[in-house]
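S.K.: Structure for the following, please:
(one chain, ligands or ions: 1)
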Amino acid sequence: PFAQYSKAEILADAKRERGDPAKLYLSERKSHELAHKCGGAYIGDGWVLTAAHCVPKFDLGPIDGRARNLITDRRIRMGTQNLTAGGAVFQIERVVVHSGYEPENKPHDIAMIKIVDNGQTARLGARLKTIRLHSPAKPLFNNEDVWVYGWGWLSPRAPGTAARQSVGGTTQRNPTELQQAKLKHVSGSRCQSLYKAWGPGMLCISGAGTGRDSCQGDSGGPLVRIEGNEKVLVGIVSQGYGCAYKDMPAAYTRV
Ligand code: 4AZ
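M.R.: Model (predicted):
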């Protein structure tokens, strides 16, 4: 119901050769793969934390002659681990983007989305939990284990290759079930040389050679520290060069 591509775009894409960096493989993709954009984290009172680059501009451009914007075309599903079913689907009431964000180098890549609730969060009950924000008094230590969650692409990707191709050359796919990966918080020196906007508002997070990582579509989703049996939100998936590529830690927004 919320197709992000026009019929003309889908037809033009089908004519592109495989391996063409501009090819999006639209006709091969399931509707949940075309609709999914980003992750987020529910912090309570109708507010979802996500990445600023997930809500790039209010005007999404027309599709098949119909004007679109975030309010008319984007929805948020919460209260389920399945991307296509369950929980509840919320409309967006408003979006607040960090005033220091800019799309070129993505400093302060954080935004808040207010949902239209209509009592739905209450109906979800225990299926929707509010995540507690990490305390700045307890910073992550070097090599600390952290966890990331999302419905983003499933395969390693080399930096600089066509975005929808995995290292093995297959087309990247989105899962329907939520995935998780254990990662490591590492020293910022490598990220400082990789990311132009590097600064104290970012976290440098590595797959540490495990082959696990966040990837496109995980953006906006939570990076979590586990304290006892509680998950605490420490970061937001922001940017990276490829996915799960060796010595390529990704940059997360520090919450
Ligand atoms: C992305 O394109 C993206 N491996 C997010 C995270 C990472 C790479 C790419 C980190 O949204």
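
S.K.: Wait, a helix at residue 43?
M.R.: No - counting by DSSP: H, G, I helix; E, B strand; the rest coil, residue 43 is not part of a helix but strand.

S.K.: That one: how many residues sit nearby?
M.R.: 17 (other CB atoms under 10 Å). In this view, the C-beta of every residue, glycine as well, is placed from N, C-alpha and C.

S.K.: who's in contact with the closest residue to it other than its chain neighbours?
M.R.: Excluding its sequence neighbours, the residue lying closest to residue 43 (CB to CB, 6 or more residues apart in numbering) is residue 49, at 5.3 Å. Residues in contact with residue 49 (CB atoms under 8 Å, 6 or more residues apart in numbering) are 40-41, 43, 110-113, 222, 233, 236, 255.

S.K.: Toward the C-terminus, what is the element adjacent to the longest helix anywhere in the chain?
M.R.: Secondary structure of the chain per DSSP state H: the longest helix is helix 7-15. For helix 7-15, the succeeding helix or strand toward the C-terminus, using DSSP states H and E, is helix 31-35.

S.K.: So what's the model's average confidence on that next one?
M.R.: Taken as a whole, helix 31-35 has an average pLDDT of 89.

S.K.: How about residues contacting it?
M.R.: With CB under 8 Å, 6+ apart as the test, helix 31-35 has contacts from 2-5, 26, 83-84, 173-174, 176.

S.K.: Pull out the buried residues from it.
M.R.: For helix 31-35, a neighbour-count test (16 or more other CB atoms under 10 Å) marks 33-35 as buried.

S.K.: so how far is it from its chain's centroid?
M.R.: 14 Å (CA atoms, centre = their mean, to the nearest Å).

S.K.: likewise stretch 26-42?
M.R.: 10 Å.

S.K.: now the end-to-end length of it.
M.R.: 30 Å (CA to CA, to the nearest Å).

S.K.: For it, buried residues please.
M.R.: Applying 16+ other CB under 10 Å to stretch 26-42 flags 26, 29, 33-42 as buried.

S.K.: near the ligand, anything from it?
M.R.: No - applying CB under 6 Å from any ligand atom, one finds stretch 26-42 separated from the ligand by no less than 7.9 Å.

S.K.: Give me the residues contacting the helix or strand residue 148 falls within.
M.R.: Assessed by DSSP H and E, residue 148 sits inside strand 145-150. With contacts defined as CB under 8 Å, 6+ apart, strand 145-150 is touched by 39, 140, 178-185, 205, 214, 217-218, 221-226, 231, 234-235, 237.

S.K.: Counting only strands, which of those residues make the cut?
M.R.: Residues of those located in strands (DSSP state E): 179-185, 205, 222-226, 231, 234-235, 237.

S.K.: count of neighbours near the closest residue to residue 201 other than its chain neighbours?
M.R.: Nearest residue to residue 201, sequence neighbours excluded (CB to CB, 6+ apart): residue 254, at 5.3 Å. The number of residues packed near residue 254 is 20, by other CB under 10 Å.

S.K.: so residue 254 bridges to which residues?
M.R.: residue 235 (DSSP bridges).

S.K.: mind checking how far it is from residue 55?
M.R.: 19 Å (CB to CB, to the nearest Å).

S.K.: same question, residue 24
M.R.: Distance from residue 24 to residue 55, by CB to CB: 21 Å.

S.K.: Then residue 5?
M.R.: Residue 5 is 19 Å from residue 55, by CB to CB.
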